[in-house]
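Enquirer: Show me the folded form of this:
(chains A and B)
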Amino acid sequence: MTINPLTPANPTTRLTGCAALLVELDPTSENACAELAAAIRIDPHFAQMVLSLVREEGGAGPATSIEEATLRLGTATVRALAIALDLCVTECRDDAGALRWSRPLAQAFASRAISRQIRVGVPIDAFTLGLVYRFGPETLSAWRMPGQLVQVAAPGASAEAGFDPNEDEAAGLARILGQASLIAEALHGDPAQSSIDWARASSGLDAMREILEIDRPAFQALFERVGQQWSEWHASLGLPMPHVPTLDEVHRRAGEILPDDDVVRALESGSTTPLKGLRILAVDDEPSSLKILERALRKAGHDVITAVNGSDALRLALELHPHAVIADWMMPEMDGIDLCKALRRSELGRSVFFLLLTGRGEEDRIVEAFDAGVDDYVTKPFNAKILLARLKGGQRVIELQERVEANRRVVMKQVAEMGLLTRKLRNAAHTDPLTELPNRRYAMARLEAEWETSHPGGGRPLSAILIDIDHFKKVNDTYGHDVGDLVLKAVAVALRTNTRQGEEAARLGGEEFFVVCANTNEEQALIAGERLRSAIETQVIHGLGFQGSVTISVGVAQRTPDMTNQDALIKASDHAVYAAKAAGRNRVVAFSGIGSLAQSA
Amino acid sequence: MNGSNQTGADASGVLDMQVIEGLRELGGEDEPGLLLEVIGMFLEDAPTRIREIEQGFASGDIKLLERAAHSLKSASANVGAMQLSSVCKRIEEIARQQKRDGIAELLPESSKAWNEASNALRSIQG
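Expert: So this is what the prediction gives:
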């Protein structure tokens, strides 16, 4: 698989600002680390973005500064990331630029996630490469990006199926980039088209999961995490918010194609028109055998795709959905039996008719082949007439399967439509339309659910964080409601990006936000509250003629045995916010720390 | 194509002419070059396989030996070189049991079969 060319990058791209400084910076010089950090910190908002990307990388516990992250990851890696990111942020300030960066962002997050998942390459390098590989090797080399990135950006860098643990870094990155483009295609669509080809995206993702050997739940989590990060960055870069499909949605929409008219007619009449020619994937590592097989099948009117090894065949089968696979048994690495097993594990491969070619002397092992899911076999050197006759037997099975499949698709489509409608309604009822955060109703339901499973004295503590934007009325009165809304949205994005697993942020209404912290005690919730406070304080909000930042007052409370229901916990966090305001705002206060205000608890 | 009549006697001693005719028929009118193409592929690929068989035997790389013999077994059968195919089959069967016994005696046989088959096939190529 060669990496898809993207919309060409602007060839006259000139670096400005921080990136221009960084290009001049020699990553091997003595002060490189300090100079790098200084250049990045010129814009605090930008510094925050860089830190949010590198913080979790390359060490135990999050890094707290650019310097620390640079020491862990190396100056070259952080420098390359900062150049790429600065270019992206700068270009996103105008609409045309913004459109160019949506797909690279998807590519970047997907590359990082894949690199982490399969433990190949440096995740941050994969991220950087995803952002800028379309600029090509000359440009990347002019920016003095690390050699392995320049190498991968060269046209024709191939990303074949399968991962070799001994391959070099550039080859690993090339493969990651190739796989990441499948995710980008499902999120953003093909670079050459504006819309998403769901069928293609769905089979691409299926193939990718097989190739990366990731189980279904882990792959779903990976896909959805990438989608969420991608969408969050749209929000923080001010790009139009994209629709982020779930993996189920991709597969469902791929299945939504109405069955062909003649299939529907056949369904009604109870029989299908016989398929004239089949789409057949022929697999053999021995070229003359493959040639003869291909010719025999073509001559009989079938459509033939060929592959010379098992892993190519697997990828092609999942991409092109052949009706039948005819494969040689003995092939190096992935043999015919392994190919059949791998296909039978996938949704698409389960229904394909699989015919195995066996050599003389292999008949005694044929039971093994049937156990692996092979439908039929023919002995080599095969007689073309016998092979075609066997295939005709298979064709009846295939036609029957097509009919069942068409039937299933009609039913699935109806079920899916119902499901989609229900989900849309449910989402609307639980989402705050302005900030797209969960709303009060959702927050209360969530809190109630967590309340049920938490133990105030024992193993599973529960905490709540209540947040109120300081002097929000003043912002509204001075700059108008539009700027007020902008501030609310920016705070929402900061909350969403800075909450961790188990912390769920919601907007209660007005300038009030709430975070349910499952399995979290007060001490941990205080740390979370401080993380949110400092993120919002350092975030520069700009737009509509406004530029500045806001602060928040944060109240933290933990469920204690004397609290009878969740309202008591909310009330406690409310008292804590009040105390934070009274103490001068822009601070985090714990309910247990105010003591004397316990009268109403 | 007409050349086969003159060389038929020569080739038929070594090659299974039914296989050759089968290929000619498979090519038919719309792909008349198929026979020569398959022969060409075989003549190009087989020396490598023979080298691998010898190499595998000499170095004790049984896996390589088995794979090369298997591949050459199919390839030679495709062009009717049945003698070569059957020697390869015997080599493959021994190698599959992780052994080398008796292969030493088969090697001269395989190289003799290869020489005869390649000469016969070249005569068809004309």
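
Enquirer: how about the helices in the stretch 451-600 of chain A?
Expert: A:472-479, A:481-498, A:522-538, A:566-582 (DSSP state H, counting those that start in this stretch).

Enquirer: Which strands and helices lie in contact with the last one?
Expert: If I follow you right, that is helix A:566-582. Applying 3 or more C-beta pairs under 8 Å, 6 or more residues apart in numbering or on different chains; DSSP states H and E, one finds that helix A:566-582 contacts helix A:440-453, strand A:462-469, strand A:552-558, strand A:588-590. Quick note: C-beta positions are derived from backbone N, CA and C, even for glycine.

Enquirer: got any ranges where the stretch 351-500 of chain A has weak pLDDT?
Expert: For the stretch 351-500 of chain A, the stretches with pLDDT under 70 are A:360-361, A:363, A:408-428, A:458.

Enquirer: do that again at 90, thanks
Expert: A:351-353, A:358-433, A:436-438, A:441-442, A:445-446, A:448-460, A:500 (pLDDT under 90).

Enquirer: ok and the residue in it nearest chain B?
Expert: A:P381 (4.3 Å; C-beta to the nearest C-beta).

Enquirer: Now do stretch A:102-114, average pLDDT.
Expert: The average pLDDT for stretch A:102-114 rounds to 91.

Enquirer: And for that stretch, what's in contact with it?
Expert: A:6-7, A:88, A:123-124, A:126-134, A:173, A:176-177, A:179-181, A:183-184, A:187-189, A:191, A:212, A:222, A:225-226, A:229-230, A:233-234, A:237, A:239, A:242 (C-beta atoms under 8 Å, 6 or more residues apart in numbering or on different chains).

Enquirer: As TSV, the helices of the stretch 451-600 of chain A with distance to B:N119 and mean neighbour count would be great.
Expert: Shown next, in TSV, are the helices of the stretch 451-600 of chain A (distance: least, C-beta to C-beta, whole Å; neighbours: other C-beta atoms under 10 Å in any protein chain shown):
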stretch	distance to B:N119	mean neighbour count
helix A:472-479	93	15
helix A:481-498	75	20
helix A:522-538	81	19
helix A:566-582	92	20
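
Enquirer: Can you pull the residues of chain B lying near chain A?
Expert: Proximity of chain B to chain A, by C-beta under 8 Å from any C-beta of the partner chain, involves residues B:19, B:22-23, B:26-28, B:31, B:34, B:37-38, B:41-42, B:45, B:67, B:70-71, B:73-75, B:77-79, B:89, B:92-93.

Enquirer: mind redoing it with 6 Å?
Expert: Counting by C-beta under 6 Å from any C-beta of the partner chain, chain B comes close to chain A at B:26, B:34, B:38, B:41-42, B:70-71, B:74-75, B:77-78.

Enquirer: most tightly surrounded among the helices and strands packed on helix A:566-582?
Expert: Of the helices and strands packed on helix A:566-582, the one with the most neighbours on average (mean count of other C-beta atoms under 10 Å in any protein chain shown) is strand A:552-558, at a mean of 28.

Enquirer: Parallel or antiparallel, list what pairs with that one.
Expert: strand A:462-469 (antiparallel), strand A:588-590 (parallel) (DSSP bridges).

Enquirer: show me where pLDDT drops low in chain B?
Expert: Looking at chain B by pLDDT under 90, you get B:1-14, B:18, B:22, B:25-32, B:96-102, B:125-126.

Enquirer: all helices in it, in order from the N-terminus.
Expert: B:3-12, B:17-27, B:34-59, B:62-78, B:82-96, B:103-125 (DSSP state H).

Enquirer: Mind putting these into JSON lines with distance to A:V556?
Expert: Supplementary listing: these in JSON lines, determined by distance: least, C-beta to C-beta, whole Å:
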{"stretch": "helix B:3-12", "distance to A:V556": "92"}
{"stretch": "helix B:17-27", "distance to A:V556": "80"}
{"stretch": "helix B:34-59", "distance to A:V556": "71"}
{"stretch": "helix B:62-78", "distance to A:V556": "64"}
{"stretch": "helix B:82-96", "distance to A:V556": "70"}
{"stretch": "helix B:103-125", "distance to A:V556": "78"}
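
Enquirer: Need the winner for burial among those helices.
Expert: helix B:62-78 (a mean of 24).

Enquirer: Compute the inter-axis angle for that helix and helix B:17-27.
Expert: Taking axes from the mean of the first three to the mean of the last three C-alpha atoms, to 10 degrees, helix B:62-78 and helix B:17-27 form an angle of 80 degrees between their directions.

Enquirer: Please report the distance of the residue nearest to the spatial centre of chain B from A:V308.
Expert: When C-alpha atoms, centre = their mean is applied to chain B, the residue found nearest the centroid is B:S76 (2.7 Å). Look at B:S76 and A:V308: by C-beta to C-beta, to the nearest Å, they are 19 Å apart.

Enquirer: tell me the contacts of A:I552?
Expert: By C-beta atoms under 6 Å, 6 or more residues apart in numbering or on different chains, the contact set of A:I552 is A:467, A:469, A:533, A:536.

Enquirer: Give me the spatial nearest neighbour of the single nearest residue of the stretch 201-350 of chain A relative to chain B, chain neighbours excluded.
Expert: Ranking the residues of the stretch 201-350 of chain A by distance to chain B (C-beta to the nearest C-beta) places A:S288 first, at 4.4 Å. What sits nearest to A:S288 in space, not counting adjacent residues and going by C-beta to C-beta, 6 or more residues apart in numbering or on different chains, is B:M41, at 4.4 Å.

Enquirer: isn't that neighbour right next to A:L290, touching?
Expert: No. Taking C-beta atoms under 6 Å as the definition, B:M41 is not a contact partner of A:L290, at 9.4 Å.

Enquirer: ok, the residue nearest to A:A39 when sequence neighbours are not counted - how many residues close by?
Expert: Nearest residue to A:A39, sequence neighbours excluded (C-beta to C-beta, 6+ apart): A:L21, at 4.5 Å. Residues within reach of A:L21, counting by other C-beta atoms under 10 Å in any protein chain shown, total 19.
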